[in-house]
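Asker: A structural model of the following input is requested.
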Amino acid sequence: MQSQPPTGVGLGLRGAFLRDIVRGDADGKVAFLEVAPENYMHRGGRSPKRLATLAERFPIITHGLMMSLGGTDPFRDEYFDELKSFLDRYGAPWHSDHICWSGMDGAMLHDLLPIPFTTQTAKRVASRIREASDRLERPMAIENISWYLQLGKSNLDEAEFITEVVERADCSLLLDVNNVFVNASNHGFEAQAWIDAIPLQRVVQLHIAGHEPWDDTLLVDTHGADVREEVRDLMSYVIERTGPKPVLLERDSNIPPLADLLEEAASLQVIYDEALQKHAREASA
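Answerer: Numbers count the residues shown, from 1 in each chain. Below is the predicted model:
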């Protein structure tokens, strides 16, 4: 088991550069690796063996894709049994998934779809988060998603809704600052004000990524570009207030060579370290 969660800037492990990381190209250059268990569960052969090798050299944080915490289908015992086994094997300090729904009637849509921001929905989602935590025997963290159309009629704004969910579930928050920026731009609110409205004391991890414009009318969270300066600033704003947390650099499309990603991670680490210094000065003032 990991003795304590890592801090600093890490990288999401992707097949495009897995061989390079196994070879040692990232050793000493990132604070941790984040993996999606669903990419390794039910698989044999080379990939799980490579991951086991990497777990001896890097702290591992897990982040899920298929729990559908906002859905209505009952949780599948087989999925949770295998997921728990995976998390136990790699000593995951917590497990995270998205506050969304991803399928129904047993069919997965392979997308992160929004849910109504209502008290009734918050109660239902919080109950499912508590159940997931009990099944996995470890804390859960939920991630705020990017969303482009609101589903159903809401009586809360997103920050109010997320606050109600995490308080009712007594869970942690994986704060994706790129998603905050994308939603703020698309829906016309102020990103820092959104961050100020959520319980930052519940943040255990951050995600940071790049996004791209679509038809000059919308920003899309593609994870397919370098992180914009405004999103870097949001990361710094959060770390100045929370102190040290693991920050995950995500890249899922238009993936450049690993050396370029490591260079971007290093530049983010500089901003992270400066934010920690400001946090320390504020704490001692």
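
Asker: how about the strands of this protein, start to end?
Answerer: Secondary structure of the chain by DSSP state E: the strands cover 8-12, 33-35, 60-63, 95-98, 101-104, 107-113, 140-143, 172-176, 203-208, 212-214, 218-220, 246-249.

Asker: can you tell me which of the ones you listed is nearest to Leu151?
Answerer: Closest approach to Leu151 among the strands of the chain is made by strand 107-113 (7.0 Å; C-beta to C-beta). No exception for glycine: its C-beta is placed from N, CA and C like everyone else's.

Asker: now do that closest one, average pLDDT.
Answerer: Averaging pLDDT along strand 107-113 yields 69.

Asker: same thing with stretch 28-43?
Answerer: The average pLDDT for stretch 28-43 rounds to 93.

Asker: where along the protein do the helices fall?
Answerer: Along the chain, the stretches classed as helices by DSSP state H are 18-23, 46-55, 77-90, 119-136, 158-169, 177-187, 191-197, 229-242, 258-284.

Asker: out of the strands of the chain, flag the one nearest Leu83.
Answerer: Comparing those by C-beta to C-beta, strand 95-98 comes nearest, at 7.5 Å.

Asker: restricting to C-alpha, output that closest one in CSV.
Answerer: Only the C-alpha atoms of strand 95-98 are listed here, as CSV (Å, rounded to 0.1, in the frame of the first residue of the first chain):
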residue,chain,number,x,y,z
HIS,A,95,-10.7,6.1,-6.3
SER,A,96,-12.3,8.7,-8.5
ASP,A,97,-15.0,8.8,-11.1
HIS,A,98,-17.2,11.4,-12.8
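
Asker: that older thread, mean pLDDT lowest where, among the strands of the chain?
Answerer: Mean pLDDT is lowest for strand 107-113 among the strands of the chain, at a mean of 69.

Asker: follow-up on the earlier one: and Gly8, which of the helices of the chain is closest to it?
Answerer: Closest to Gly8 of the helices of the chain, according to C-beta to C-beta: helix 258-284, at 6.2 Å.
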